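[1] Need a 3D model of the following:
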Amino acid sequence: MSGDERVPTRPLEIHWSDRAKDDLAAIGEYIAAYDPVAAMRWVDRLIVDVERAAEMPLAGRLVPEFADRGDIREVLRRTYRIVYRVRDEAVEVLTIFEGHRLFPQGALPED
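    Numbers count the residues shown, from 1 in each chain. Next comes the predicted model:
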């Protein structure tokens with residue numbers, strides 16, 4: 001581990017981008033059309049995965065499309081990719097999408 005990578009002593013804050021909130025809502029709505037109870041469970045699991053990422057942000061794998069960006073990580077939940085950015089005091093959830101799809105345009109901030 002290099003000197004600039006810190007292991008947090010407490011979970012980082014979680015910031016949800018508007019896109020990630022919309023993604024989560026759309027996933028829930030899609031599943032709820034078939035099984036509302038399963039939709040609630042699935043969305044809860046995705047949120048728990050985000051909370052785990054906040055506990056160990058560098059444990060998420062580097063996003064293959066942005067392997068040169070060590071701050072962009074992801075965790076997988078079956079076919080879904082939860083993509084987040086590691087900040088000093090927070091993880092920012094950028095997008096959640098099915099892994100068979102291409103990485104969403106505009107999901108990665110320009111800064």
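[2] wait, what's in contact with the residue sitting nearest the centre point of the chain?
    In the chain, the centroid-proximal residue (Cα atoms, centre = their mean) is Ile82; its distance is 3.0 Å. With contact set as Cβ atoms under 8 Å, 6 or more residues apart in numbering, Ile82 has these partners: Leu46, Asp49, Val50, Ala53, Glu74, Val75, Leu76, Val93, Ile96. Where you see a C-beta, it was placed from the backbone N, CA and C, and this is true even at glycine.
[3] number of nearby residues for the last one?
    Other residues within reach of Ile96, judged by other Cβ atoms under 10 Å, total 28.
[4] Which stretches in the protein count as helices?
    Secondary structure of the chain (DSSP state H): helices located at 18-32, 36-55.
[5] mind putting the contacts of Ile82 in CSV, distance to Ile31 included?
    Converted to CSV, the contacts of Ile82 look like this (distance: Cβ to Cβ, whole Å):
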residue, distance to Ile31
Leu46, 11
Asp49, 16
Val50, 17
Ala53, 21
Glu74, 21
Val75, 19
Leu76, 17
Val93, 19
Ile96, 13
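[6] low pLDDT regions in this structure?
    Residues of the chain meeting the criterion pLDDT under 70: 1-9, 111.
[7] remind me, longest strand of it?
    For the chain, the longest strand by residue count, based on DSSP state E, is strand 90-98.
[8] which residues sit against that one?
    Contacts for strand 90-98 (Cβ under 8 Å, 6+ apart): 12-17, 19-20, 23-24, 27, 46, 50, 53-54, 57, 72, 79-85, 103-104, 107-109.
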